[in-house]
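# A predicted structure for the sequence below; I have some questions about it.
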Amino acid sequence: MLRDWWKGRVAQPRSKTDQFQQLTADIEQLKAHAEQVDSNFDVLSAGLDTLNNGLTAREEKLRKWVLTLLLWNAAITLGLLALAALALRR
């Protein structure tokens with residue numbers, strides 16, 4: 001797209017001052033687009049940081065649940081082993 005636009009600009013006959021003014025205007029337009037892209041990147045970066053913080057909090061919550069379930073499993077297993085040992089002694 002940019003290549004076609006540039007070919008169209010070059011193909012039009014103009015004086016040197018018109019070309020310089022047009023080039024200056026084009027550079028300003030490119031600067032404005034670059035600032036817009038930078039602004040969009042900042043917004044995207046902030047959104048990704050928020051998402052990352054949310055995922056980190058959820059991961060920590062899930063880690064606590066897994067640890068709780070592991071401890072619960074160990075307690076139930078030990079209880080069943082103790083019950084089986086008592087049942088075998090009688």
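That came in fine, so what should we check first? Numbering: from 1, shown residues only.
# so which strand or helix has Leu80?
Taking DSSP states H and E as the criterion, Leu80 maps to helix 16-89.
# Which other helices and strands does that helix contact?
Under the contact definition 3 or more C-beta pairs under 8 Å, 6 or more residues apart in numbering; DSSP states H and E, helix 16-89 sits against no other helix or strand. For the C-beta atoms, the positions are set from N, CA and C on the backbone; glycine is no exception.
# Next one: Ile27 from Lys7, what distance?
Distance, Ile27 to Lys7, by C-beta to C-beta, to the nearest Å: 18 Å.
# Give me the below-cutoff pLDDT ranges for this protein.
The model of the chain has pLDDT under 70 over residues 1-2, 5-6, 9-16.
# Residue nearest the middle of it, spatially speaking?
Computing the C-alpha centroid of the chain and ranking residues by C-alpha atoms, centre = their mean puts Leu48 first, at 3.8 Å.
# which residues sit in contact with it?
Shown in contact with Leu48 (C-beta atoms under 8 Å, 6 or more residues apart in numbering): no residues.
# Please apply the same query to Leu71.
No residues are in contact with Leu71 under the rule C-beta under 8 Å, 6+ apart.
# Quick check: the gap between it and Leu51.
31 Å.
# Same check on Leu67?
On the measure of C-beta to C-beta, Leu67 and Leu51 end up 25 Å apart.
# How about Asp26?
Counting by C-beta to C-beta - Asp26 and Leu51 are separated by 37 Å.
# Count the neighbours of Trp65 for me.
Using other C-beta atoms under 10 Å, the number of residues around Trp65 comes to 10.
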